[in-house]
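A.B. asks: this is the structure alone, sequence omitted:
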């Protein structure tokens, strides 16, 4: 492999976590999704070394290029950036849990790519290409939305054909994020929905409707109508449950948020575990308290924090 000359210094890079507000799974089939990068994310520290990749918060300690998924992902990322990963040590600080539907793998990939890119003068396009190479290890055929949100940290729509488009947001709003504690496998869930479409063609209408909800949510936020977005959350969660990606725990978190006064709540990401999001206005503290009372970790973030 041809390697790029690197500066002999420690470098850092940051990747945002993400939430898909509307359109998960639909985006895989060319429909739009509405997503946002959040303030919390992953910071990578890269220094000259011997190919170690560690993230104490995720209990991760592997070798770059070994048979672990993170090791393979970072190996592919380094190859895309024309860097020999065995000459580096990478240490990750994460503010988001792994395998929780908040784009942890994409945030890691963007953070690592930016940290390596700072050593090699890589362009942002190079960084995104490296992050995409890593995401293909984790998610087989990723739509690209996670890497786009992780790199931008803003609100936007995404399609596989057109990529990311920023959505102007007249006013920021708070979003409750609840972590179910159930890890999930995005690739397996995407494959499961594909199997459902093949065996039950009418399921494609549900997926199309998810994309339509993403368009409606984009219009609502462009007009500053956050309550309208919240109402769409309930419809979206019902569709996601109908294609088999919700779980009893995620349903319980959604119902708990609504009972605590949230205007709307839904699972976010691939499902099968992971996270729930809720728009609760002045009831946000109560939603978080009710989740904690049931043993779920939750926190508040802001969409449109820039």
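C.D. replies: Thanks, I have the structure now. Computed from a prediction, not measured in an experiment: that's the story for all the values here. Residues are numbered from 1 along each chain as shown.

A.B. asks: residue ranges with poor pLDDT in the stretch 151-300 of the chain?
C.D. replies: Residues of the stretch 151-300 of the chain meeting the criterion pLDDT under 70: none.

A.B. asks: which residues in it form strands?
C.D. replies: Ranges of strands within the stretch 151-300 of the chain are 155-159, 163-166, 173-179, 264-268, 275-279, 297-303, based on DSSP state E, counting those that start in this stretch.

A.B. asks: what lies in contact with the shortest one?
C.D. replies: Pointing back at strand 163-166 there. Strand 163-166 is contacted from outside by 144, 145, 148, 149, 152, 154, 155, 156, 157, 158, using Cβ atoms under 8 Å, 6 or more residues apart in numbering. From N, CA and C alone the C-beta is placed, and that goes for glycine too.

A.B. asks: of those - the most surrounded one?
C.D. replies: Within those, most neighbours by other Cβ atoms under 10 Å means residue 149, with 29 neighbours.

A.B. asks: that residue - that's part of a helix, no?
C.D. replies: Yes: Residue 149 sits within a helix when classified using DSSP: H, G, I helix; E, B strand; the rest coil.

A.B. asks: which residues sit in contact with the nearest residue to residue 123 once chain neighbours are set aside?
C.D. replies: Using Cβ to Cβ, 6 or more residues apart in numbering and skipping residues adjacent in sequence, the residue nearest residue 123 is residue 117, 7.7 Å away. Neighbouring residues of residue 117 by Cβ under 8 Å, 6+ apart: 13, 81, 123, 126, 127, 130.

A.B. asks: next: residue 227.
C.D. replies: Residue 227 makes contacts with 263, 279, as judged by Cβ under 8 Å, 6+ apart.

A.B. asks: let's number from 46 now, not from 1
C.D. replies: That works, and once the first residue is 46, the last one we named lands at residue 272.

A.B. asks: contacts only, for the residue nearest the centre of the chain.
C.D. replies: What sits nearest the mean C-alpha location of the chain, by Cα atoms, centre = their mean, is residue 148, with 2.4 Å. Contact analysis of residue 148 by Cβ under 8 Å, 6+ apart lists 61, 62, 63, 141, 191, 194, 195, 314.

A.B. asks: can I have the buried ones of those residues as a ChimeraX selection?
C.D. replies: To isolate the buried ones among the contacts of residue 148 in ChimeraX, judged by 16 or more other Cβ atoms under 10 Å, type:
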select :61,62,63,141,191,194,195,314
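
A.B. asks: same list (the contacts of residue 148) but as CSV, adding distance to residue 72.
C.D. replies: Shown next, in CSV, are these (distance: Cβ to Cβ, whole Å):
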residue, distance to residue 72
61, 18
62, 17
63, 12
141, 20
191, 10
194, 11
195, 15
314, 11
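
A.B. asks: return the member of the contacts of residue 148 nearest to residue 334.
C.D. replies: residue 141 (21.2 Å; Cβ to Cβ).

A.B. asks: hang on, that closest one packs against residue 151?
C.D. replies: No: taking contacts as Cβ atoms under 8 Å, residue 141 lies outside contact range of residue 151: 10.6 Å.
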